[in-house]
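J.: I'd like to go over a predicted model; first the sequence, then the structure.
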Amino acid sequence: MLSALTKILVFPGFLFMSAYGLFLEYLDRKVYARLQHRSGPPWYQPLADFLKLLGKETIIPANANQRMFRILPVISLSAVATAFIYVPVLAKAPSASFEGDLIIVLYLLTIPTVSLFLAGWYSRSVYATIGSVRTLTQMFAYEVPLFMALLAPALIAQTWSVTGMAEFYSQNPLYHLLNIPAFFVALISGQGKLERAPFDLPEAETEIVAGPLVEYSGKLLAIFKMSAVCELVLIASLISAVFLPLMTGNPLLDFLLYLIKTMAVLLFLALLRSAMARLRMDQMIKFCWRILTPIAVVQIIINLVIRGVL
Amino acid sequence: MGLLKKAINWGIRKSPWILHFNAGACNGCDIETIAALTPRFDLERMGVIQQGSPRHADILVCTGAVTLQTKERLKQIYDQMPEPKFVMAVGTCACSGGIFDGCYCVMGGIDKVIPVDVYIPGCAVRPEALISAVQKLLDTLKRPKKRGEEDAG
């Protein structure tokens, strides 16, 4: 009981996830800065931002829905933390795992997006409402390719559990060469899920101030920001568990490998963010439905055929 | 509790998010303010990020003399910011009204409408002056008595 609680709350669980999330945010901003030829923020920057937001006054707009306004950041963070339980950090030892947890993780990943939408909706601000609608519209674009790309490798592995997939691909490493197109589809639609450039339409500062979070301040904003960085960790860990399976069996070595793999994924996401400008909504939907989804569909067909041949 | 307060105070010193507002400037100071945020000067070294929403900002960077038109908006934006908050008056016009002082539609400096913490003279201010002012403002927070706390109390 105690060890399970420790697993969920401290080590491969919540505390580790938040600390690593802050580190990944630093890495992201640093890489972004270096690519723009500047020196970037110091290592403690995300922590300082978080602490400052904790100390700021929390303002709730008079015509916002008080209860929803307060509860949504917590729902968002707890959904991400719950999903992280099923993702392997140490080899073969996620805090919990069962057949089909990939679906659970994917559905839990939707909750932060939906709570972001509701947060903007209940703020009763024009900018927040536009941001919310964009959040939801964007979800219809990236969600399908992301799900398909993550389910394609599951077809070959013949298991719907994240840990099972990681195990299968580390035993048969050649199979994951097949999934390379799906890997890139997952990375790009993951960028959309995280609402980072070029898919940062909901937060577009130059058009709609700050999107759904425009009315949030203080502690509530801190929790939302924390939930965003935790989502970054979750996406990076999920992609590295499914597509970059390299396991040794030694927990320490595997943990090191986990760090290297997630940082490599983040590096790609940071590169994508710094190389591209924001897309328009119709461009994004066209891109996701005309390019990413067909690639994912072809990947699924190929994987089905290979599975039949085997 | 003391430790948490210290940590939060450290966070406030290390992470100033700014909001830029043009109260009626000729655009000279605005260009220099934006220039200070570009990769050449790299204000993110000090944790400065420009925010779109007043709710997220800590420092209101105001340029230009306050006109009758912007007076209400400036007040509104100041009220929308959460405590602790600081105001910087950027440029001679923001400090005193400058050459626009006495004009029929001009109120005068920023401090005629909202309390100002830092005055940066110059026409237009240089980005270096702006960076130095941000640093000085954050250094004053190390002292035991803080303006933010006075206001809250």
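T.: Happy to help now that I have it.
J.: hey, let's count contacts and neighbours off CA atoms from now on
T.: Noted.
J.: what does chain B have sitting close to chain A?
T.: Within chain B, the positions near chain A by C-alpha under 8 Å from any C-alpha of the partner chain are B:5, B:7-12, B:14-15, B:39-40, B:42, B:44-47, B:51-53, B:55-56, B:82-84.
J.: List only those of those flagged as buried.
T.: Buried positions within these, assessed by neighbour count (16 or more other C-alpha atoms under 10 Å in any protein chain shown), are B:7-12, B:14-15, B:39, B:42, B:44-47, B:51-53, B:55-56, B:82-84.
J.: what secondary structure does the residue in the stretch 51-200 of chain A positioned nearest to chain B sit in?
T.: Across the stretch 51-200 of chain A, the shortest distance to chain B (C-alpha to the nearest C-alpha) belongs to residue A:52, at 4.5 Å. Three states are possible here, and by DSSP: H, G, I helix; E, B strand; the rest coil the one that applies to residue A:52 is helix.
J.: Same question for residue A:132.
T.: Criterion first, three-state DSSP; result for residue A:132: helix.
J.: Quick check: pLDDT value at the residue nearest to it when sequence neighbours are not counted.
T.: Taking C-alpha to C-alpha, 6 or more residues apart in numbering or on different chains, and ignoring the residues beside it in sequence, residue A:132 has residue A:117 as its nearest neighbour in space, at 4.4 Å. pLDDT recorded at residue A:117 is 90.
J.: Pretty sure residue A:117 sits against residue A:139.
T.: No: here residue A:117 does not reach residue A:139: they are 10.3 Å apart, not a contact under C-alpha atoms under 8 Å.
J.: For the two, indicate the residue with more neighbours.
T.: Comparing residue A:117 with residue A:139 by other C-alpha atoms under 10 Å in any protein chain shown, the one with more neighbours is residue A:117, at 25 against 19.
J.: For that one, what is the enclosing helix or strand?
T.: helix A:101-123 (DSSP states H and E).
J.: Name the residues of that helix that come out as buried.
T.: Residues of helix A:101-123 classed as buried: A:101-103, A:105-106, A:108-123 (neighbour count, 16+ other C-alpha under 10 Å).
J.: can you tell me the helix or strand for residue 137?
T.: Using chain A here. Secondary structure here is read from DSSP H and E; on that basis residue A:137 sits in helix A:126-157.
J.: my question was about chain B
T.: Here residue B:137 is assigned to helix B:127-140, by DSSP H and E.
J.: Who are the packing partners of that helix?
T.: Under the contact criterion of 3 or more C-alpha pairs under 8 Å, 6 or more residues apart in numbering or on different chains; DSSP states H and E, helix B:127-140 touches helix B:2-14, helix B:28-36, strand B:118-120.
J.: Does the first one pack against any helices or strands, and if so which?
T.: So the one you mean is helix B:2-14. helix A:45-55, helix B:127-140.
J.: Up against chain B, what does chain A have?
T.: Contact residues of chain A with respect to chain B, defined by C-alpha under 8 Å from any C-alpha, are listed as A:36-42, A:45, A:47-52, A:54-59, A:205-206, A:209-210, A:214-218.
J.: show me where pLDDT drops low in chain A?
T.: Applying pLDDT under 70 to the predicted model, the residue ranges of chain A that meet it are A:91-95.
J.: just the strands in it please.
T.: For chain A, none of the segments meets the definition of strands by DSSP state E.
J.: Counting neighbours, what do you get for residue 137?
T.: Answering for chain A, as no chain was given. In terms of burial, residue A:137 registers 15 neighbours under the definition other C-alpha under 10 Å.
J.: Wait, chain B was what I had in mind.
T.: Using other C-alpha under 10 Å, residue B:137 has 18 neighbouring residues.
J.: excluding its backbone neighbours, what's nearest it?
T.: Nearest to residue B:137 is residue B:118, by C-alpha to C-alpha, 6+ apart, at 6.9 Å.
J.: what do you get for residue A:273?
T.: Nearest residue to residue A:273, sequence neighbours excluded (C-alpha to C-alpha, 6+ apart): residue A:197, at 4.8 Å.
J.: Tell me who's in contact with that neighbour.
T.: With contact taken as C-alpha atoms under 8 Å, 6 or more residues apart in numbering or on different chains, residue A:197 is in contact with A:191, A:272-274, A:276-278.
J.: Correct me if wrong: residue B:70 contacts residue B:25.
T.: No: with contact defined as C-alpha under 8 Å, residue B:70 does not count as touching residue B:25 (10.8 Å).
J.: neighbour-wise, which of these two wins?
T.: A direct count of neighbours by other C-alpha under 10 Å for residue B:70 and residue B:25 places residue B:25 higher, at 21 against 17.
J.: From the structure, what's the count of residues near the closest residue to residue A:106 other than its chain neighbours?
T.: Nearest residue to residue A:106, sequence neighbours excluded (C-alpha to C-alpha, 6+ apart): residue A:147, at 7.2 Å. The burial count assigned to residue A:147 is 20, neighbours taken as other C-alpha under 10 Å.
J.: lowest average confidence, helix or strand, in chain B?
T.: Least confident element among the helices and strands of chain B, by mean pLDDT, DSSP states H and E: helix B:147-152 (a mean of 48).
J.: What residues does the closest residue to residue A:159 other than its chain neighbours make contact with?
T.: Spatial nearest neighbour of residue A:159, chain neighbours left out: residue A:165 (6.4 Å); criterion: C-alpha to C-alpha, 6+ apart. Going by C-alpha under 8 Å, 6+ apart, residue A:165 touches A:153-154, A:157, A:159, A:241-242.
J.: one more time with 10 Å, if that's ok
T.: Residue A:165 makes contact with A:102, A:153-159, A:171, A:241-243, A:245, according to C-alpha atoms under 10 Å, 6 or more residues apart in numbering or on different chains.
J.: Help me confirm that residue B:88 is found in a helix?
T.: No: assessed by three-state DSSP, residue B:88 does not belong to a helix; its assignment is strand.
J.: Just to check, it is in contact with residue B:33?
T.: No: using C-alpha atoms under 10 Å, residue B:88 makes no contact with residue B:33, being 11.5 Å away.
J.: From what I see, residue A:51 and residue B:3 are in contact.
T.: No: the criterion here is C-alpha under 10 Å, and residue A:51 misses it with residue B:3 at 11.9 Å.
J.: which residues are in contact with both of the two?
T.: By C-alpha under 10 Å, 6+ apart, the residues touching both residue A:51 and residue B:3 are residue B:9.
J.: ok, these two, which is more surrounded?
T.: residue A:51 (24 against 8).
J.: State the distance from the more buried one to residue A:187.
T.: Applying C-alpha to C-alpha, to the nearest Å, the value for residue A:51 to residue A:187 is 30 Å.
J.: before we move on, what about residue A:19?
T.: With C-alpha to C-alpha as the criterion, residue A:19 and residue A:187 are 23 Å apart.
J.: Ok, residue A:168 next?
T.: Look at residue A:168 and residue A:187: by C-alpha to C-alpha, they are 21 Å apart.
J.: Could you double-check that the residue of the stretch 51-200 of chain A closest to chain B lies in contact with residue B:7?
T.: Yes: with contacts defined as C-alpha under 10 Å, residue A:52 counts as touching residue B:7 at a distance of 8.4 Å.
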